[in-house]
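Asks: following is a predicted model, sequence given first.
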Amino acid sequence: MKAKRAYSIHSKKTMNLLGLSIRAARKENGISEAELAERAGVSRGVVQRVEKGDLSCGVGTVFELAYIVGIQLLDLDNQGLSQQISQVENKLTLLPKAIHQSSKVINDDF
């Protein structure tokens, strides 16, 4: 049996808010669960799980559902997103390619 993943209360509340927001926007736009599922290429059950705040749903699926119902997740348009991506990519070129676990043993017995 697979162990249940533990999530922080912040993550749980954030997903709950996002799921409820997707449900509200879907209803405001007069879109059924089945129609949203079809437009997103997922099952109706996945839409229901997202709307209930299920954290095991794929982030891409959640983003797509939010986009379809008109929820803007970031305060950026496509050009702004492209600029931010470019900035972070430039920053990453200056950072180490990999971070290795320290082999240094710390004696913290006092």
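Replies: Received, thanks. Numbers count the residues shown, from 1 in each chain.
Asks: from the contact counts, what lies against the helix of greatest length in the chain?
Replies: Looking across the chain with DSSP state H, the single longest helix is helix 9-28. Here helix 9-28 touches helix 44-51, helix 59-69, going by 3 or more Cβ pairs under 8 Å, 6 or more residues apart in numbering; DSSP states H and E. Every residue, glycine included, has its C-beta placed from N, CA and C.
Asks: most tightly surrounded among those helices?
Replies: Compared across the helices and strands packed on helix 9-28, helix 44-51 shows the largest average neighbour count, a mean of 19 (mean count of other Cβ atoms under 10 Å).
Asks: circling back to that earlier point, present the helices and strands packed on helix 9-28 as a markdown table; the columns should include distance to Ser21 and mean pLDDT.
Replies: Putting the helices and strands packed on helix 9-28 into a markdown table (distance: least, Cβ to Cβ, whole Å; pLDDT from 0 to 100) gives the following:
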| stretch | distance to Ser21 | mean pLDDT |
| --- | --- | --- |
| helix 44-51 | 9 | 98 |
| helix 59-69 | 8 | 97 |
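Asks: for those, which one sits closest to Thr93?
Replies: Closest approach to Thr93 among those is made by helix 59-69 (24.9 Å; Cβ to Cβ).
Asks: so what's Val69 closest to, chain neighbours aside?
Replies: Among residues not flanking Val69 along the chain, Ala25 sits closest, at 3.9 Å (Cβ to Cβ, 6 or more residues apart in numbering).
Asks: and what of Lys52?
Replies: Of all residues not flanking Lys52 in the chain, Gly19 sits nearest, at 5.8 Å (Cβ to Cβ, 6+ apart).
Asks: now do the one you found against Ala3, distance only.
Replies: Between Gly19 and Ala3 the distance, using Cβ to Cβ, to the nearest Å, works out to 23 Å.
Asks: more neighbours, those two?
Replies: Between Gly19 and Ala3, counting by other Cβ atoms under 10 Å, Gly19 is the more crowded of the two (23 against 5).
Asks: neighbours of Arg23, how many?
Replies: For Arg23, the neighbour count with other Cβ under 10 Å is 20.
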